[in-house]
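Colleague: Got a sequence here, can you build the structure:
(2 chains)
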Amino acid sequence: MSSRVGAARRLRSNPGALCAALIIAVIVALTLFGPWFNPNGSQTLDWSHVASPPTWQSAHWFGTDRLGRDLYARTLEGARVSLAVGLLASAVSLLIGIGYGALAGFIGGRTDHLMMRIIETLSGLPLIFFVIFLNVVLGRNEYILFLSIGAVGWLTMARIVRGQTMSLRRREFIEAAIVSGAGTARIIVKHVIPNVIGPVVVYATLTVPHIIMLESFLSFLGLGVQEPHASLGTLIAAGAGEMEAAPWILLIPGGLLAVLLLALNLLGDGLRDALDVREPA
Amino acid sequence: MLRYFLTRLAGAVPTLFVIVTITFFLVRAAPGGPFDQEQTLPPQIMANLQTAYGLDQPIWTQYARYLRALAHGDFGPSFKYKDFSVTELIVQGFPVTLEIGATAMVLALLLGVPIGTFAALHRNSAADYAAMSLAVVGIAIPSFVVLPFLGLVFGIYVHWLPVAGWEPRSMRYLVLPIAALTLPPLGVIARLTRAGMLEVLRSDFLRTAAAKGLPLRIMIWRHALRPALLPVASYLAPAVASIMTGSLVVESIAGLPGIGRYMVQGALNRDYTLVLGMVIIYSTLLIVMGLFVDLLYAWLDPRVRLHP
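Modeller: Prediction:
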């Protein structure tokens, strides 16, 4: 317990990570409650304000896009979608990574060797292509999107969990469980996983920005979230096409994605340093 | 060494075979076909097209035929770019992709290693914090956000460089795309170098070197750099993968005639052979890079022995 108190103190003395946590909280709150303060819907077309710049006087605080849709409403919707996909896909990759890593680390020996070789081979492949395929092949919907992203994002997590499990393997309470005849599945679920959860949480905070980046990347290519829905990636793609005449259509969602990813990375780094988790090579 | 190299190369063949097989059946499983258009073609013309490209054969026959052609170095005809073979498309586009990708990789190393070393030597100074903050920015912000921003600033506001476009043998069009591709690996390399260097600087053999009175320059160059760069070496293969991924979007934003755009277009158009060709090229590059990393590792760390 005392190590956790120390970790909390180390985290509190890291102004960057604290700032980042605050920024993330503000962005999450904005995506949840922001639309309440906005008279404009994200799909309403306002033909009297087409591609108008941001102003405080008009009803469109962030301006409008080429079709007269309110950019404030659309950016918040996009951020909500990006965050939701990021969290769900991270959960998918977390589940696979923990299961795989704990199994490999606990069984050890030849099985472990083989399982790690599989991870090595997979991490040497252009996995983004398979995500692109899956989304093309299985049709474009949000469930496929986060399942496929989660399915390729678990490799590092599995490595971390395996390393932790291997060091747990020799501890007395695990040996006691083995001696008293508990099965492998039971030991992994009851004893191994609860004890690796700390480093897993830390690494998960670094998985989320990685996955949000992947999602925006796919949406940017037109493979992820489809019109009329928006994610930050589709908004940036639309904005990049208009940046000469209407730079705010690019700058607002692009800036928000940049700030969000930066904050998530800083928070993850801060947590990792505070809890002193090492990423295995 | 040579034996190790050859064994590894031979080991890459089954890997590639598995990748080709999975990809082949995956793209075939996609609904729709390469000749679907907004107007449906008359059935007779469709049937003729299918016959001409061998699509009327059973899928196993097509698979066997594709593998046989591949073994002779033939990637087959493109379905969408009529009159072009996949080989021709790749030969045309690959030099551009290679030019921006390789430049980005070299720049990331040439800038990242000195920045990381400098930050480690001046640990917890303002310069260290500045360098590491910049590294996080580079890692966190994806290239498809960075490139439009750079285009807005340098292309539209100050008019130094073109936003997009391409001319043969003109560097002007490549500066911004290369910058956008360089930043993410640059950030990671700077951080890895700093961490590796800090670890090495604490070690006994460097304390000995310092006690002997060796100048700092020699300590770094002759003793510290090689072990400190081990984490960077193992990052090189993922770095190549990240630059490849980045070049998919960077080429399309900057309007460069590389092969990055063929990947997404090919998948969307069901251009089966083009997609397969792209996957083979990229996978081969990654496998070769992985092999290169292992050799580099053995050179950097004499304790590593290469077992085939």
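Colleague: shaky segments in chain B?
Modeller: Within chain B, the ranges that satisfy pLDDT under 70 run B:37-39, B:304-308.
Colleague: rerun at 90
Modeller: Residues of chain B meeting the criterion pLDDT under 90: B:1-93, B:95-96, B:123-125, B:129, B:132-134, B:136-137, B:139-175, B:195-196, B:198-308.
Colleague: for it, which helix is longest?
Modeller: Identified as the longest helix of chain B according to DSSP state H is helix B:86-121.
Colleague: mind checking how far that one is from the chain centre?
Modeller: Relative to its chain's centre, helix B:86-121 lies at 8 Å (Cα atoms, centre = their mean, to the nearest Å).
Colleague: Give me the helices and strands touching that helix, please.
Modeller: Counting by 3 or more Cβ pairs under 8 Å, 6 or more residues apart in numbering or on different chains; DSSP states H and E, the packing neighbours recorded for helix B:86-121 are helix B:126-140, helix B:175-201, helix B:225-228, helix B:230-254, helix B:260-269, helix B:272-300. For glycine as for every other residue, the C-beta is placed from the backbone atoms N, C-alpha and C.
Colleague: buried stuff in it?
Modeller: Neighbour-count burial for helix B:86-121 flags B:86-87, B:89-90, B:93, B:96-97, B:99-101, B:103-105, B:107-109, B:112-113, B:115-121 (criterion: 16 or more other Cβ atoms under 10 Å in any protein chain shown).
Colleague: Chain A versus the nearest residue to B:Thr87 once chain neighbours are set aside, what's the distance?
Modeller: Of all residues not flanking B:Thr87 in the chain, B:Phe75 sits nearest, at 4.9 Å (Cβ to Cβ, 6 or more residues apart in numbering or on different chains). Using Cβ to the nearest Cβ, to the nearest Å, one gets 16 Å for the distance from B:Phe75 to chain A.
Colleague: Can you get me a residue count around B:Phe75?
Modeller: 21 (other Cβ atoms under 10 Å in any protein chain shown).
Colleague: so it touches B:Ser85, yeah?
Modeller: Yes - contact criterion Cβ atoms under 8 Å: B:Phe75 and B:Ser85 qualify, at 6.7 Å.
Colleague: how far away is the residue nearest to B:Asp56 when sequence neighbours are not counted from B:Pro43?
Modeller: Nearest-residue entry for B:Asp56: B:Gln50, 4.6 Å, with adjacent residues in sequence omitted and distances by Cβ to Cβ, 6+ apart. In this view, B:Gln50 and B:Pro43 are 10 Å apart by Cβ to Cβ, to the nearest Å.
Colleague: Please list the residues of the stretch 1-150 of chain B that sit near chain A.
Modeller: B:15, B:19, B:23, B:26-27, B:29-31, B:133, B:136-137, B:139-142, B:144-145, B:148-149 (Cβ under 8 Å from any Cβ of the partner chain).
Colleague: Of these, just the buried ones, ChimeraX syntax please.
Modeller: Here is the ChimeraX command that selects the buried residues among the residues of the stretch 1-150 of chain B next to chain A (16+ other Cβ under 10 Å):
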select /B:15,19,23,26,27,30,136,137,139,140,141,142,144,145,148,149
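Colleague: which SSE is the residue nearest to B:Asp56 in?
Modeller: Using DSSP states H and E, B:Gln50 sits in helix B:43-52.
Colleague: Tell me where the model's unsure across chain A.
Modeller: Judged by pLDDT under 90, the stretches of chain A that qualify are A:1-21, A:28-95, A:102, A:105-256, A:264-281.
Colleague: give me that answer again for 80
Modeller: Applying pLDDT under 80 to chain A picks out residues A:1-13, A:34-71, A:73, A:120-147, A:151-152, A:197-199, A:201-202, A:222-229, A:240-249, A:272-281.
Colleague: longest helix anywhere in it?
Modeller: helix A:71-107.
Colleague: ok, now which ones touch the residue nearest in space to the middle of chain A?
Modeller: The centre of chain A sits closest to A:Val208, judged by Cα atoms, centre = their mean, with a distance of 1.9 Å. Contact analysis of A:Val208 by Cβ atoms under 8 Å, 6 or more residues apart in numbering or on different chains lists A:Gly86, A:Leu87, A:Ser90, A:Leu264, A:Gly268.
Colleague: Ok, B:Ala179 next?
Modeller: If you count contacts by Cβ under 8 Å, 6+ apart, then B:Ala179 has B:Val146, B:Leu150 around it.
Colleague: Name the next helix or strand downstream of the longest helix of chain A, please.
Modeller: Next along from helix A:71-107, by DSSP H and E: helix A:109-123.
Colleague: Next, the angle from the next helix or strand after that next one to helix B:230-254.
Modeller: Toward the C-terminus, helix A:109-123 is succeeded by helix A:127-137 as the next helix or strand (DSSP H and E). Interaxial angle, helix A:127-137 versus helix B:230-254 (axes from the mean of the first three to the mean of the last three Cα atoms, to 10 degrees): 40 degrees.
Colleague: which parts of the following helix or strand past helix A:127-137 are buried?
Modeller: Following helix A:127-137 in sequence order, the next helix or strand is helix A:142-152 (DSSP H and E). Neighbour counts over helix A:142-152 (16+ other Cβ under 10 Å) mark A:Glu142, A:Ile144, A:Leu145, A:Phe146, A:Ser148, A:Ile149, A:Gly150, A:Ala151, A:Val152 as buried.
Colleague: I'd like the residues you listed laid out as JSON lines, including distance to B:Val153.
Modeller: Shown next, in JSON lines, are these (distance: Cβ to Cβ, whole Å):
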{"residue": "A:Glu142", "distance to B:Val153": "34"}
{"residue": "A:Ile144", "distance to B:Val153": "37"}
{"residue": "A:Leu145", "distance to B:Val153": "32"}
{"residue": "A:Phe146", "distance to B:Val153": "34"}
{"residue": "A:Ser148", "distance to B:Val153": "35"}
{"residue": "A:Ile149", "distance to B:Val153": "31"}
{"residue": "A:Gly150", "distance to B:Val153": "35"}
{"residue": "A:Ala151", "distance to B:Val153": "37"}
{"residue": "A:Val152", "distance to B:Val153": "33"}
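Colleague: Distance of the nearest residue to B:Ile280 once chain neighbours are set aside relative to chain A?
Modeller: Using Cβ to Cβ, 6+ apart and skipping the chain neighbours, the partner closest in space to B:Ile280 is B:Val20 (6.4 Å). Using Cβ to the nearest Cβ, B:Val20 is found at 12 Å from chain A.
Colleague: OK, contacts around B:Val20?
Modeller: B:Leu67, B:Leu70, B:Leu276, B:Val279, B:Ile280.
Colleague: circling back to that earlier point, nearest to A:Glu244, out of the helices and strands packed on helix B:86-121?
Modeller: Closest approach to A:Glu244 among these (Cβ to Cβ): helix B:230-254, 13.4 Å.
Colleague: which strands and helices sit next to that closest one?
Modeller: Against helix B:230-254 (3+ Cβ pairs under 8 Å, 6+ apart) you get helix A:127-137, helix A:193-220, helix B:86-121, helix B:143-150, helix B:175-201, helix B:260-269, helix B:272-300.
Colleague: Among those helices, which comes closest to A:Pro228?
Modeller: Short answer: helix A:193-220, nearest of those by Cβ to Cβ, at 13.4 Å.
Colleague: from the chain's centre, how far out does whichever helix or strand comes after the closest one sit?
Modeller: Next helix or strand after helix A:193-220 toward the C-terminus (DSSP H and E): helix A:232-242. The chain centroid and the centroid of helix A:232-242 are separated by 20 Å under Cα atoms, centre = their mean.
Colleague: So helix A:232-242, near chain B or not?
Modeller: Yes - looking at helix A:232-242 against chain B by Cβ under 8 Å from any Cβ, the contacts come from A:Gly233, A:Ile236, A:Ala237, A:Gly239, A:Ala240.
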